[in-house]
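> Requesting a structural model of the entry that follows:
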Amino acid sequence: MPKKQKLEKKLDLLKVKLGKKAPLADPRNFQFGSFTQVTVPVPEPPAEVSWIVKVPEPWNVLLNNSLGDCVPAAMAHTLQQVSFFAGNPVIPTDDQVLTMYEKIGGYVPGDPATDNGAFMLDALKYWRNTGVAGHKILAFVQVDPLNLHQVRQAIYLFGSVFAGLQLPISAQGQDIWTVPQGGAYLDGSPGSWGGHCVPIMAMSPESLTCVTWGQKLKMSHNFLRDYCDELYAVVSSDWMNKAGLSPGGFNLQQLENDLRGLS
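This is a model prediction of the structure:
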C-alpha cells in the first residue's frame, strides 16, 4: 500500500506508544451542554471547522515513540496550536513534556516500570494549576463525544478538543482511523490496542483531524463515537488576542462570567 509506505518514512505507526489511563469521573466537571445554555449567544459553527492548516510544522513526536506520554504530548500540541493563533507561538520541548509526564504520570526517567501513562483529568488539573511550559488554562469543560454538533461547536469556540480514545488493534499502522468493516468487535474492539490521547483540531462533514506522534491524522465520525471515552475542551487565554477575542470572535470576559455562573 503506497500511502502507508510513504507514511512510515516519517514514523513507523506500528512502533509508537499509547499511554492514556481509564477515565476518572468527577461530578464537579463543567458540562459543555450546560455551558451553551447559559452563554448568550453561542455562535453556530460552520459545517467545516479547521484550526490546524495554518499552524506551521513540525509537530514534534515529543517522546511518544518511546514513552507512554501521549497525554502531556497532546497538551503540548494544543499549546503549540492556540499560541500560534494568538500571535505568540510557543513550541514546547521534549524536556518540558518529560517533566510533565514525571509530575502527572509518576514516570521516573530510566525506570521502565514507571512508564504507565497518565490520567487525562489529572493532566487537566495540572494544566490549570501549573501549566504547560508556563502557560496555564483557565478552565476545562466536558464534551459529549456522541453529540457531533457539540464536538464541532467546541472545536469552533476553543480551537480543539482534548480527546481520550480506546484504540482498537485495527487502528495500528493506519494513517486514517476508521471503524473496521466488521464493526467494533474482535480486532476492532475498543481498547484492544490501548488508551490514547490526542487533540482534535479540525472537523468537516466527512472526518476529524487530530495531531499525534508528530503528524496530522484523520478519523471518521463513527470512529470518534465508537472509541472516544472522554472528551474535553480547554479554555486558554493563549487562544485569545489582546482584545480578549478568540479567532472565532468569542469573548473571553463573557466566557469567564458564564463559567462562574456554572460553579
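> Quick one: residues contacting Val55.
By CB atoms under 8 Å, 6 or more residues apart in numbering, Val55 lies in contact with 80-81, 84-85, 201. Any C-beta I mention is one placed from the backbone N, CA and C, and that applies to glycine too.
> quick one: it from Gly159, how far?
10 Å (CB to CB, to the nearest Å).
> What of Tyr185?
35 Å.
> for Val97, same thing?
From Val97 over to Gly159 (counting by CB to CB), the distance is 19 Å.
> swap in Val53?
Counting by CB to CB - Val53 and Gly159 are separated by 13 Å.
> ok, these two, which is more surrounded?
Gly159 (27 against 9; other CB atoms under 10 Å).
> what phi and what psi does the backbone show at the residue lying closest to that one once chain neighbours are set aside?
Distance criterion CB to CB, 6 or more residues apart in numbering; nearest residue to Gly159, sequence neighbours excluded, is Trp51 at 4.7 Å. Here the main-chain torsion angles of Trp51 (degrees, to the nearest 10) amount to phi -120, psi 40.
> Give me the most central residue, the chain.
Pro199 (2.1 Å; CA atoms, centre = their mean).
> quick one: secondary structure of Leu208?
strand (DSSP: H, G, I helix; E, B strand; the rest coil).
> how close does Leu13 get to Leu186?
20 Å.
> Name the residue in those two with the higher neighbour count.
A count of neighbours by other CB under 10 Å puts Leu13 above the other of Leu13 and Leu186, at 19 against 12.
> for the record, mean pLDDT for the strand or helix carrying Ala76?
Taking DSSP states H and E as the definition, Ala76 sits inside helix 70-85. For helix 70-85, the mean per-residue pLDDT is 95.
> So which elements touch that helix?
Here helix 70-85 touches helix 94-105, helix 120-129, strand 161-167, strand 194-203, strand 207-212, going by 3 or more CB pairs under 8 Å, 6 or more residues apart in numbering; DSSP states H and E.
> Restricting to C-alpha, output that helix in PDB.
Extracted C-alpha coordinates of helix 70-85, given in PDB (Å, rounded to 0.1, in the frame of the first residue of the first chain):
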ATOM      1  CA  CYS A  70       0.600  10.800  24.900                       C
ATOM      2  CA  VAL A  71      -1.300  12.900  27.500                       C
ATOM      3  CA  PRO A  72       1.300  15.600  28.100                       C
ATOM      4  CA  ALA A  73       2.300  15.400  24.400                       C
ATOM      5  CA  ALA A  74      -1.300  16.200  23.500                       C
ATOM      6  CA  MET A  75      -1.200  19.100  25.900                       C
ATOM      7  CA  ALA A  76       1.900  20.400  24.300                       C
ATOM      8  CA  HIS A  77       0.500  20.200  20.800                       C
ATOM      9  CA  THR A  78      -2.600  22.100  21.900                       C
ATOM     10  CA  LEU A  79      -0.400  24.900  23.300                       C
ATOM     11  CA  GLN A  80       1.600  25.000  20.100                       C
ATOM     12  CA  GLN A  81      -1.700  25.400  18.100                       C
ATOM     13  CA  VAL A  82      -3.500  28.000  20.200                       C
ATOM     14  CA  SER A  83      -0.400  30.200  20.900                       C
ATOM     15  CA  PHE A  84       0.200  30.400  17.100                       C
ATOM     16  CA  PHE A  85      -3.300  31.800  16.500                       C
END
